[in-house]
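Q: quick one, what's the 3D model for this:
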Amino acid sequence: MKIIKEKESVITTFVSKTAISDTPRTESIADNTFLRELPQGEYWKEEYPKETIVLHFTAGYNWKSAYDVFKGPGRVATPFIIDKEGPKYIIKLFDEKYWSYHLGIKEAEYSRNWANDKRSIGIEIVNIGPVWFKDGTWKDYMGKEWLTNDIVQGKNRDADGGVKFPEKQVKAVCDLINYLCDKWNIPREVPKDKMSFQLPQIGEFKGIITHQMFRQDKYDIGIAWPWEKVIEACNLKEI
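A: Presented below is the predicted three-dimensional model:
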């Protein structure tokens, strides 16, 4: 991958604990991060306390396609994109203390619509998302065919499965979750039900959640996300 503009991230070393041991684990995500700043007009430069991390997938094949969408009008973006290929996996677009629209909640009856965008840190993970099995072939919504070994099978909305996430990408997400939970004192909790639409109650949840909990028309983070690994690596509690 050719990176046109690359800067060292200001992210510093953090300390967290794993589920396996009570021994503190010191790591740095600075070496795994590069800064690709969005123009300031693509997010709101207003600070807001952070209570949740919302996991998304990009529904695309590379980080650049998501970045190009974020540069469009509407201030729709997330502060982080996690690539599926190195050498650096974490792309930081703006300081997570600010905010931008990333949930797209339109139902007027939900009282915390805008607050949910403000109080959450969105993480976009490069992955095409859902796949459907038809005529003996796995295909994504773009029509690309996938091998069975690349798929985690299981129902998600009307889809029959999802494309797997590479291990190094998952590790980068876990490192970022650990860093953000420590920095913002976000509870290390995740709902037991990780697939269903859960408004309005999810609007009061504090912890790690997903886009499809806010939207009935969304598939992310989907059936292929390896929750067992993430729960262990980030010491999350299911509630």
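Q: give me the neighbour count for residue 151.
A: With neighbours defined by other CB atoms under 10 Å, the count for residue 151 comes to 19. For every residue, glycine as well, the C-beta is placed using N, CA and C.
Q: how much space separates residue 138 from residue 128?
A: Using CB to CB, to the nearest Å, one gets 11 Å for the distance from residue 138 to residue 128.
Q: residue 176 too?
A: For residue 176 relative to residue 128 (CB to CB), the value is 21 Å.
Q: more neighbours: these two, which one.
A: More crowded of residue 176 and residue 128, by other CB under 10 Å: residue 176, with 25 against 17.
Q: quick check: buried residues in the helix or strand hosting the more buried one?
A: Applying DSSP states H and E as the criterion places residue 176 in helix 167-184. Neighbour-count burial for helix 167-184 flags 169-181 (criterion: 16 or more other CB atoms under 10 Å).
Q: quick one, phi psi at residue 129?
A: Taking degrees, to the nearest 10, you get phi 100, psi -130 for the backbone angles of residue 129.
Q: check contacts around it.
A: The neighbours of residue 129, taking CB atoms under 8 Å, 6 or more residues apart in numbering as the test, are 57, 59, 140-141, 159, 162-163, 219-220, 222.
Q: from those, list just the buried residues.
A: Going by neighbour count (16+ other CB under 10 Å), the contacts of residue 129 have 57, 59, 140, 159, 162-163, 219-220, 222 buried.
Q: closest one of these to residue 197?
A: residue 219 (11.5 Å; CB to CB).
Q: burial count for the closest residue to that closest one other than its chain neighbours?
A: Excluding the flanking residues, the one nearest residue 219 by CB to CB, 6 or more residues apart in numbering is residue 130, at 4.5 Å. Per other CB under 10 Å, the neighbour tally for residue 130 reads 23.
Q: wait, residue 130 sits on residue 138?
A: No: at 10.4 Å, residue 130 and residue 138 do not qualify as touching, with contact defined as CB atoms under 8 Å.
Q: list the contacts of the residue nearest to residue 219.
A: Applying CB under 8 Å, 6+ apart, the residues contacting residue 130 are 140-141, 156-157, 159-162, 219, 222.
Q: coming back round to it: now the contacts of residue 129 as CSV including secondary structure and pLDDT?
A: CSV is the format used below for the contacts of residue 129 (DSSP: H, G, I helix; E, B strand; the rest coil; pLDDT from 0 to 100):
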residue, secondary structure, pLDDT
57, strand, 98
59, coil, 97
140, strand, 98
141, coil, 97
159, strand, 98
162, strand, 98
163, strand, 98
219, coil, 98
220, coil, 98
222, coil, 97
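Q: please convert those residues to JSON lines, extending it with distance to residue 42.
A: Output for the contacts of residue 129, formatted as JSON lines (distance: CB to CB, whole Å):
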{"residue": "57", "distance to residue 42": "20"}
{"residue": "59", "distance to residue 42": "19"}
{"residue": "140", "distance to residue 42": "27"}
{"residue": "141", "distance to residue 42": "25"}
{"residue": "159", "distance to residue 42": "30"}
{"residue": "162", "distance to residue 42": "28"}
{"residue": "163", "distance to residue 42": "28"}
{"residue": "219", "distance to residue 42": "24"}
{"residue": "220", "distance to residue 42": "21"}
{"residue": "222", "distance to residue 42": "26"}
